[in-house]
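Colleague: Okay, predicted coordinates and the sequence, questions at the end:
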Amino acid sequence: MTVAAREPQQERSRQTRERLLAVTVDMLAHSGWSATTVTAVAEAAGVSRGAAQHHFPAREDLITAVLEEMFTEMTAEAAQTLDNLPDGPERIDLVVDRAVAIYTGVPFKAALQVWAAAASDEALRELILPLEAKLARAAHKLTVQGLDPDGRHGAQAHRLAQLTLDLARGLGLADTLSDDSARRAQVTAAWVQQLQSTLHT
């Protein structure tokens, strides 16, 4: 096979893999863990079962790849957000909004399904714990950098970043069963005011 022939084939393979991952996230978030099998994902993605299993022989392979993809996208988006943050108190507003967005979006709802399944599946738990820890560390680091870019507040900024993420995670859980956006906006605004008062005194 020539190089020219391999390139389109590799591109098709990459596109197939990306489509499978995207469908998996959507299916986890909206249909749940039990419904998200390799076969079901392949059908929803319009891909043959054989092609899907070529990329992901088992559901665990698919889920691991999805979590890794979510980590990559989250860190890239958060880093881009940090690069464009203004100075001053309004910076905190944007950092909190970003943290809340992580935990109220479709990817978090998908991850939540995996975490719930892992609670009663030791093998799955062992598989995803390192990925969840990796995601948590990255979210914490980026939130600290956003809240305290010059490092003036030290350990206090680390504690406030963790509180921000814990709050955001709780708001995300509240949003899984019904639209909680009105109350979330009030809680977020109150927390932003508290952070602004604490970090800019």
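Modeller: Received it, and whenever you're ready, just let me know what you need. Bear in mind that the values here come from a model prediction, so they are computed numbers and not experimental data. Numbering: from 1, shown residues only.

Colleague: any idea of the mean pLDDT in the longest helix along the chain?
Modeller: Secondary structure of the chain per DSSP state H: the longest helix is helix 3-31. Mean per-residue pLDDT for helix 3-31: 84.

Colleague: got the domain boundaries for this protein?
Modeller: For the chain, automatic domain parsing gives the domain ranges 1-57, 60-199.

Colleague: got JSON lines for those domains, with mean neighbour count too?
Modeller: The way it works is simple: take the backbone N, C-alpha and C, and place the C-beta from them, glycine included. Shown next, in JSON lines, are those (neighbours: other Cβ atoms under 10 Å):
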{"stretch": "domain 1-57", "mean neighbour count": "15"}
{"stretch": "domain 60-199", "mean neighbour count": "16"}
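
Colleague: Check the offset of the lowest-mean-pLDDT helix or strand in the chain from the chain's centre.
Modeller: Using mean pLDDT, DSSP states H and E, the weakest-scoring helix or strand in the chain turns out to be helix 59-83, at a mean of 81. Mean-position distance between helix 59-83 and its chain equals 6 Å (Cα atoms, centre = their mean, to the nearest Å).

Colleague: okay, the angle between it and helix 3-31?
Modeller: Here the directions of helix 59-83 and helix 3-31 differ by 90 degrees (axes from the mean of the first three to the mean of the last three Cα atoms, to 10 degrees).

Colleague: Tell me where this protein is predicted with low confidence.
Modeller: 1-7, 201 (pLDDT under 70).

Colleague: can we see that at 50?
Modeller: Counting by pLDDT under 50, the chain shows low-confidence ranges at 3-4.

Colleague: coming back round to it: elements contacting the longest helix of the chain?
Modeller: Packing partners of helix 3-31 (3 or more Cβ pairs under 8 Å, 6 or more residues apart in numbering; DSSP states H and E): helix 38-45, helix 49-55, helix 59-83, helix 106-118.

Colleague: how about a markdown table for these, with distance to residue 15 added?
Modeller: Converted to a markdown table, the helices and strands packed on helix 3-31 look like this (distance: least, Cβ to Cβ, whole Å):
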| stretch | distance to residue 15 |
| --- | --- |
| helix 38-45 | 10 |
| helix 49-55 | 11 |
| helix 59-83 | 14 |
| helix 106-118 | 20 |
